[in-house]
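Participant: Fold the stuff below for me.
(chains A and B)
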Protein chains: 2
Amino acid sequence: MSQARLIEIETDILAKNDRYAAANRARLAELGAFAVNLVSSPGSGKTTLLCRTIEALGAQPLAVIEGDQQTANDADRIRATGAQAVQVNTGKGCHLDGHMVGHAMEHLDIAPASLLFIENVGNLVCPAAFDLGEDCKVAILSVTEGEDKPLKYPDMFTAARLALLNKVDLAPHCDVDLDLYEANLTRVNPGLEVIRVSARTGEGMDRWLGWLQGRLAQKSNRAAAE
Amino acid sequence: MSQARLIEIETDILAKNDRYAAANRARLAELGAFAVNLVSSPGSGKTTLLCRTIEALGAQPLAVIEGDQQTANDADRIRATGAQAVQVNTGKGCHLDGHMVGHAMEHLDIAPASLLFIENVGNLVCPAAFDLGEDCKVAILSVTEGEDKPLKYPDMFTAARLALLNKVDLAPHCDVDLDLYEANLTRVNPGLEVIRVSARTGEGMDRWLGWLQGRLAQKSNRAAAE
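Facilitator: Model (predicted):
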């Protein structure tokens, strides 16, 4: 198969995805719901961070879509917090797409002015290319991954609006330079906000929650004004 | 595009890859060189482990192919050990393929009875599907990723012959159950060997080196006998 034909196929797949994503985005805009696409390597601590976030948000209406190749473990962990969650298994697939998320949304009760968390398949490459209709991508990195990762996998950090530098409680036990980690993130994407957090100790969680609530308020006010 | 057409395209791409991989494999068999495809999430410590491995192997002839979306950082780190290395940048690509590896091999001096390390793009999903002509895939996991990862990303651990459970020095600082981690690995692939290592403290490195040297001896003896 020629390179030109491969590019044509890729463009076709992405165009089809974008139509599904646009429909999801329109539905969320109507509701004034704010959707976050959580992207990271496997093992960055996304699910634990999400569980702590949901607990801290208390009575805030929200819903969760969980993406993994296999198992319903993550949706089970989310439901244990009391939140509603749908698990999507991608099988051989390496990312969620707009179609999968649209289907999952149909199985959730997404309230007006609520939060929708979409936890993508753990993969620092492929999910960068797929719009799901979210308001923004939030990249989660574990400090244990090392400060060079933003330079080696720049697409994801270019696509993200916020980076959560997670597991900062482990930093003293690793040979990691957190200032250089942050500098490399903003070198790849000068507009990227960075918050250092630890889902385990709670460090930085207030800043992350404040960020979320601020964005949700903007979105729901916009919907109310229209 | 229909699902059937997508499957046809995927089959086409994989068949083409397999032809390149077969050519690489034939070249390595002639030389009696043993090739390892190192696969993992980003940040599992592959490159550091490889640097310590090369240093410990001393005068053993070897060569390295480094795969990353961007930067030549990893090839630079390998060359600093004195070993020869070629960097492949995949750009938007999420894995190395047989064609890329064949090209890289042309730029290396692969000696008879030598080792070839291929460090794949950090991605626990896509590289599982692509044969590079290697003798085996070795999966590297950081203990910080959590013991549920083998169940959530089973393809990679089904494809691998050996799993190196790396950064065991961090285990006391994480909420991780190493016995359960190993049990989940062998649940997904009962034939998988597992070695606990720490590139930082040197723990387990002798077992890993012994494994490599044993496999290389088998391969080079087979080539000499033919």
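
Participant: all strands for chain A, in order.
Facilitator: For chain A, the strands defined by DSSP state E cover A:34-40, A:62-68, A:84-89, A:115-119, A:136-142, A:160-166, A:193-196.

Participant: Now render these as TSV, adding distance to residue B:94, mean neighbour count and mean pLDDT.
Facilitator: C-beta coordinates here come from the backbone N, C-alpha and C atoms, glycine included. What follows is the strands of chain A, written out as TSV (distance: least, CB to CB, whole Å; neighbours: other CB atoms under 10 Å in any protein chain shown; pLDDT from 0 to 100):
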stretch	distance to residue B:94	mean neighbour count	mean pLDDT
strand A:34-40	13	27	98
strand A:62-68	16	26	97
strand A:84-89	19	20	97
strand A:115-119	19	26	98
strand A:136-142	16	24	97
strand A:160-166	17	25	98
strand A:193-196	24	18	98
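
Participant: quick one: low-confidence ranges for chain A?
Facilitator: A:1 (pLDDT under 70).

Participant: Now with 90, please.
Facilitator: A:1-15, A:175, A:222-226 (pLDDT under 90).

Participant: for it, what spans make up the helices?
Facilitator: Secondary structure of chain A (DSSP state H): helices at A:3-31, A:46-57, A:73-79, A:98-106, A:149-152, A:154-159, A:178-188, A:205-225.

Participant: Residue A:195 and chain B: what is the separation?
Facilitator: Distance of residue A:195 to chain B, given as CB to the nearest CB, to the nearest Å: 19 Å.

Participant: looking at it, that residue is touching residue A:162, isn't it?
Facilitator: Yes. Applying CB atoms under 8 Å, one finds residue A:195 in contact with residue A:162, separated by 6.9 Å.

Participant: So for the two, which residues contact both of them?
Facilitator: With contacts defined as CB atoms under 8 Å, 6 or more residues apart in numbering or on different chains, the residues shared by residue A:195 and residue A:162 are residue A:211.

Participant: And the residue nearest the centre of chain A?
Facilitator: In chain A, the residue lying closest to the centroid (CA atoms, centre = their mean) is residue A:38, at 1.1 Å.

Participant: Report the beta-bridge partners for the residue nearest to that one when sequence neighbours are not counted.
Facilitator: In this structure, residue A:38 finds its nearest non-sequential neighbour in residue A:119, 4.8 Å apart by CB to CB, 6 or more residues apart in numbering or on different chains. In this structure, residue A:119 bridges to residue A:38, residue A:66 when assessed by DSSP bridges.

Participant: Residue B:195 versus residue A:119, what's the distance?
Facilitator: 31 Å (CB to CB, to the nearest Å).

Participant: measure the nearest residue to residue A:169 once chain neighbours are set aside to chain B for me?
Facilitator: Nearest residue to residue A:169 in three dimensions, chain neighbours excluded: residue A:198, at 4.4 Å (CB to CB, 6+ apart). Counting by CB to the nearest CB, the gap from residue A:198 to chain B is 12 Å.

Participant: OK, contacts around residue A:198?
Facilitator: Applying CB under 8 Å, 6+ apart to residue A:198 gives the contacts A:166-169, A:204.

Participant: Rebuild those residues as JSON lines, extending it with distance to residue A:218.
Facilitator: JSON lines is the format used below for the contacts of residue A:198 (distance: CB to CB, whole Å):
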{"residue": "A:166", "distance to residue A:218": "25"}
{"residue": "A:167", "distance to residue A:218": "29"}
{"residue": "A:168", "distance to residue A:218": "27"}
{"residue": "A:169", "distance to residue A:218": "31"}
{"residue": "A:204", "distance to residue A:218": "21"}
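
Participant: and of those, the nearest to residue A:59?
Facilitator: Nearest to residue A:59, judged by CB to CB, of the contacts of residue A:198 is residue A:204 at 22.5 Å.

Participant: unless I'm mixing things up, the closest one is touching residue A:210, no?
Facilitator: No. Contact criterion CB under 8 Å: residue A:204 and residue A:210 do not qualify, at 10.4 Å.

Participant: more crowded one of these two?
Facilitator: residue A:204 (17 against 11; other CB atoms under 10 Å in any protein chain shown).

Participant: separation between the closest residue to that one other than its chain neighbours and residue A:70?
Facilitator: Excluding the flanking residues, the one nearest residue A:204 by CB to CB, 6+ apart is residue A:197, at 3.6 Å. Distance of residue A:197 to residue A:70, given as CB to CB: 28 Å.

Participant: Looking at the two, which has the bigger crowd around it?
Facilitator: residue A:197 (24 against 15).

Participant: ok, that one - contacts?
Facilitator: A:49, A:164-166, A:168, A:203-205, A:207-208.

Participant: so which of those would you say is closest to residue A:226?
Facilitator: residue A:208 (28.0 Å).

Participant: list the contacts for the closest one?
Facilitator: Residue A:208 is in contact with A:53, A:164, A:195, A:197, counting by CB under 8 Å, 6+ apart.

Participant: Next: residue A:83.
Facilitator: A:54, A:62-64.

Participant: change it to 7 Å
Facilitator: By CB atoms under 7 Å, 6 or more residues apart in numbering or on different chains, residue A:83 lies in contact with A:54, A:62, A:64.

Participant: out of those, who's nearest residue A:78?
Facilitator: residue A:64 (4.8 Å).

Participant: how close does that closest one sit to chain B?
Facilitator: Residue A:64 is 16 Å from chain B, by CB to the nearest CB.

Participant: wait, isn't that residue in contact with residue A:114?
Facilitator: No. Residue A:64 lies out of contact with residue A:114 (CB atoms under 7 Å); the separation is 11.0 Å.

Participant: Contact residues of chain A facing chain B?
Facilitator: Those residues of chain A that sit near chain B, judged by CB under 7 Å from any CB of the partner chain, are A:1, A:9, A:12-13, A:16, A:41-43, A:68-71, A:73, A:92, A:94, A:121-126, A:142, A:144-146, A:148-149, A:151-155, A:167, A:170, A:173.

Participant: Would you mind checking the residues you listed for buried ones?
Facilitator: The neighbour count (16 or more other CB atoms under 10 Å in any protein chain shown) marks A:9, A:13, A:41-43, A:68-69, A:71, A:94, A:121-126, A:142, A:144-146, A:148-149, A:151-155, A:167, A:170, A:173 as buried among those.

Participant: Thought residue A:115 was touching the residue nearest to the centre of chain A, still the case?
Facilitator: No. Applying CB under 7 Å as the test, residue A:38 and residue A:115 come out as separate, 11.6 Å apart.

Participant: how far does stretch A:127-144 sit from the chain's center?
Facilitator: Put simply, stretch A:127-144 sits 4 Å off its chain's centre (CA atoms, centre = their mean, to the nearest Å).
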